[in-house]
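> just a sequence and a predicted model for now, questions to come.
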Amino acid sequence: MLLINDNIAALGAENNLDTTDAAMSTVVGQLSSGLQIQTAADNPAGYSIAQSLQAEINGYGAAESNAQTAVSVLQTAQGAMNQQEAILQQANTIATQAANTTTAGDSTAAAADNAEFASLISQLNQIASSTTYAGVNLLDGSVTSLTFQVGPTGSDAVAVSLTGTTGSTLLGAATLDVSTVASAQVAMAAVQSAINTLASDAAALGSSQNQIQALSNNVTVAQQNLTSAHADLVDVNVASATSQFTSLQILEQSGISVLAQAQQLPQLALKLI
């Protein structure tokens, strides 16, 4: 039907073109951002799920960073303990040598052994006081435990006990020397006990490190799985969106052409007058 006042065909074509333009804007936004859910209006339920997944992903990322820090801290402490073990082994050798009567009879050798023994004990204290991580002293006894949050929940916190490894802590408060056979024998017993204590403490730290590393591995896998789920929900399927974009381009061009033709219909009606 040809009408002059109302151009129904043109209105229909215009409405269809508006719908195509809106769809085109959505697809262009998806392709330019790489996201199929850009705002909550795009998919309210999906947006809510995506935010929850992102929070978990961020939590796992922080936990992974904490775990790596924890491993570094424990490796620092164990490295220092290894040095102290070497010092104690050397001190034990000197004390054993000084406990020999013929060695003790040589005053020059005895004095040298005693001086070296004292120097070694001093090195224990120096290592204990200088072993720090991010300003936290690990071996001087001032900090007894460290807590590392290596997972997204409170149950994933790992507490690591620290014991001081100063000379007085490992060897006792009494001053040791190897100036005589008797004192050298006392020093031998104290040093050998310290070696066993330090080895036990280092083993405990090693166990904690293994525990943290295992949790870290689990965190990494969980984070990867959540990231994949988040990507499936939020990221745009480029191939599908590109195909839709091409179709909408054709519809838009067709709609513009049809609208232009529809706008000419009232003029055809005038030819009948």
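Everything's here; your move.

> for the chain, what helix or strand is lowest in average pLDDT?
The least trusted helix or strand in the chain, going by mean pLDDT, DSSP states H and E, turns out to be helix 265-270, with a mean of 60.

> any idea how far the residue nearest the centre of the chain lies from Ala199?
Closest to where the C-alpha atoms of the chain average out (CA atoms, centre = their mean) is Ser65, at 1.8 Å. From Ser65 across to Ala199, the span is 31 Å (CB to CB, to the nearest Å). (C-beta placed from N, C-alpha, C; glycine too.)

> same thing with Gly59?
The separation that Gly59 has from Ala199, given CB to CB, amounts to 37 Å.

> for the helix or strand harbouring Val221, packing partners?
Taking DSSP states H and E as the definition, one finds Val221 inside helix 181-234. Contacts defined by 3 or more CB pairs under 8 Å, 6 or more residues apart in numbering; DSSP states H and E place helix 181-234 against helix 44-98, helix 101-104, strand 157-161, helix 167-171.

> let's see it at 10 Å
helix 44-98, helix 101-104, helix 107-130, strand 145-149, strand 157-161, helix 167-171 (3 or more CB pairs under 10 Å, 6 or more residues apart in numbering; DSSP states H and E).

> can you tell me the SS state at Thr39?
coil (DSSP: H, G, I helix; E, B strand; the rest coil).

> what about Gly59 and Ala199, which has more around it?
Gly59 (19 against 13; other CB atoms under 10 Å).

> that one against Gly151, yeah?
Yes - look at Gly59 against Gly151 with CB atoms under 10 Å: they come within range, at 8.3 Å.

> I'd say Asn137 and Ser130 touch.
Yes - contact criterion CB under 10 Å: Asn137 and Ser130 qualify, at 8.4 Å.
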